[in-house]
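Asker: coords please:
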Amino acid sequence: MNKIAVIGAGSWGTTLACLLADNGHDVTLWVYEKELADRIKTSRENDVFLPGYKVPDNLNIANDLEGVLENAEYILSVVPSQHTRAVFKDVVNAISKDAVIISASKGIEIGTLLTVSEIFNEITGNKVTAISGPSFAREVIEKKPTAVTIASADKEVGIILQTLFSNDYFRVYTNTDVMGAELGGALKNVMAIASGISDGLGLGSSSRAALITRGLAEMTRLGVVMGAKEKTFGGLSGLGDLVLTCTGTLSRNYSVGHRLGKGEKLKDIIASMKMVAEGVATSESSYELARKHNVEMPIVQQIYKVINEDKDPVDAVRELMTRALKSEY
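Answerer: So this is what the prediction gives:
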């Protein structure tokens, strides 16, 4: 058995911990809230983030972060991107130098503009990989067929991780483009907010299709400038995840956008949510990345203004549609 530490017990962290335990590995799920950890141990259910689903009897639950990290061969981080540095910075000495870190978070750190793998590269000397792709926690925990990608610069490590996660309902492909996989996973959350706004305004399917297509063009432009491979954005961690989060009502980011389109205020939406919608913070960091690299990203720009400057979504749509005409390519 492989000894795996899963850090973060939100819906996705809990789901991946269950999957890995079902695959026969020695898995410990770190839960930030001690009270929740104690309840999961007793009831075998994460009643806050994944109510109604039992966790496997062989899944260990713990609240001691350093203890969970010690001797782990693989560390799967499912901590929201804006909190990753704070969670790990004081416990890096507990991480074995041979441990492989796998990021399952989809965001870009505000201020530093670093992806999660870049944060880990900065604070540890470990090999860092990323898992990304179209995957709703509730559908995976129900064992519905899902396909994702593992991005690892080290091909052999990627193949090992592919085997670690894969089973008859969770199919994992390999990819060497960590930057591309992470940018796809992060930027699609901003596009999902835009898609939710479009649907909340009742703009129709044609508008959503145009937004997804042009959103993918923006994601790809920024990714290529930052050293990612163009073809990555046509894969599972790019187009696949983008389509899912822009059309699936289980998406937290889509839901935020939909409620904005219906006229709710962002502060009220956030206050009502138990889980983090990564696209809210990423709207700022992606906007700053576009400015830093001088990349045209009009959808990102408008979502930034809606989220951070309280711009009316109707005005944002009007500005997108009345921009100077141009060639598609």
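Asker: okay, now residue 256: neighbour count?
Answerer: Using other C-beta atoms under 10 Å, residue 256 has 25 other residues around it. Using the backbone N, CA and C atoms, a C-beta is placed for each residue, glycine as well.
Asker: how about it, phi and psi?
Answerer: With angles defined as degrees, to the nearest 10, residue 256 sits at phi -60, psi -50.
Asker: output the longest helix belonging to this protein.
Answerer: For the chain, the longest helix by residue count, based on DSSP state H, is helix 178-200.
Asker: how about the contacts made by residue 116?
Answerer: 77, 81, 84, 103, 105, 107, 109, 130, 182 (C-beta atoms under 8 Å, 6 or more residues apart in numbering).
Asker: do you know the pLDDT at residue 281?
Answerer: Residue 281 carries a pLDDT value of 96.
Asker: what angle do helix 178-200 and the strand or helix carrying it make with each other?
Answerer: Secondary structure from DSSP states H and E places residue 281 in helix 278-293. With axes from the mean of the first three to the mean of the last three C-alpha atoms, to 10 degrees defining the directions, helix 278-293 sits at 120 degrees from helix 178-200.
Asker: how about residues contacting the helix or strand just after helix 278-293?
Answerer: Once helix 278-293 ends, the next helix or strand along the chain (criterion: DSSP H and E) is helix 298-308. Helix 298-308 has contacts (C-beta under 8 Å, 6+ apart) with 187, 190-191, 193-194, 197, 211, 214-215, 218, 260, 266, 279-280, 283-284, 286-287, 290, 311-313, 316-317, 319-320, 323.
Asker: one more: stretch 211-225?
Answerer: 179-180, 183-184, 187-188, 191, 194-195, 198, 229-230, 232-233, 238-239, 242-243, 246-247, 286, 289-290, 293, 295-300.
Asker: can I get it in CSV? Just the C-alpha atoms.
Answerer: C-alpha atoms of stretch 211-225 as CSV (Å, rounded to 0.1, in the frame of the first residue of the first chain):
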residue,chain,number,x,y,z
LEU,A,211,-18.5,32.8,-24.3
ILE,A,212,-17.0,29.3,-23.9
THR,A,213,-15.3,29.5,-27.2
ARG,A,214,-13.9,33.0,-26.7
GLY,A,215,-13.0,32.2,-23.1
LEU,A,216,-10.9,29.2,-24.3
ALA,A,217,-9.1,31.6,-26.7
GLU,A,218,-8.3,33.9,-23.8
MET,A,219,-7.1,31.1,-21.6
THR,A,220,-4.9,29.7,-24.4
ARG,A,221,-3.3,33.1,-25.2
LEU,A,222,-2.2,33.7,-21.6
GLY,A,223,-1.1,30.1,-21.2
VAL,A,224,1.2,30.2,-24.3
VAL,A,225,2.8,33.5,-23.2
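Asker: quick one: that stretch to chain centroid distance?
Answerer: 17 Å (C-alpha atoms, centre = their mean, to the nearest Å).
Asker: in the one helix or strand residue 120 maps to, which residues are buried?
Answerer: Using DSSP H and E, residue 120 sits within helix 116-123. For helix 116-123, a neighbour-count test (16 or more other C-beta atoms under 10 Å) marks 116-121, 123 as buried.
Asker: could you dump the residues you listed into JSON lines with distance to residue 168 and pLDDT added?
Answerer: Shown next, in JSON lines, are these (distance: C-beta to C-beta, whole Å; pLDDT from 0 to 100):
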{"residue": "116", "distance to residue 168": "29", "pLDDT": "98"}
{"residue": "117", "distance to residue 168": "29", "pLDDT": "97"}
{"residue": "118", "distance to residue 168": "34", "pLDDT": "98"}
{"residue": "119", "distance to residue 168": "34", "pLDDT": "98"}
{"residue": "120", "distance to residue 168": "31", "pLDDT": "98"}
{"residue": "121", "distance to residue 168": "34", "pLDDT": "97"}
{"residue": "123", "distance to residue 168": "36", "pLDDT": "96"}
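Asker: closest one to residue 15 out of these, please.
Answerer: residue 116 (18.1 Å; C-beta to C-beta).
Asker: point out where the chain drops to low pLDDT.
Answerer: Applying pLDDT under 70 to the chain picks out no residues at all.
Asker: go with 90
Answerer: Where the chain drops to pLDDT under 90, the residues are 1, 274-276, 329.
Asker: let me see the domain layout of it.
Answerer: Following automatic domain parsing, the chain resolves into domains at 3-176, 179-321.
Asker: got those domains as JSON lines, with distance to residue 327 columns?
Answerer: Shown next, in JSON lines, are these (distance: least, C-beta to C-beta, whole Å):
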{"stretch": "domain 3-176", "distance to residue 327": "29"}
{"stretch": "domain 179-321", "distance to residue 327": "12"}
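Asker: contacting residues around residue 2?
Answerer: Contacts for residue 2 were tallied using C-beta under 8 Å, 6+ apart; they are 25-26, 73-74, 164.
Asker: ok, back up a step: now the next helix or strand after the longest helix of the chain and helix 298-308, what's the angle there?
Answerer: Scanning forward in sequence from helix 178-200 by DSSP H and E, the next helix or strand is helix 205-225. Interaxial angle of helix 205-225 relative to helix 298-308 (the same axes, to 10 degrees): 100 degrees.
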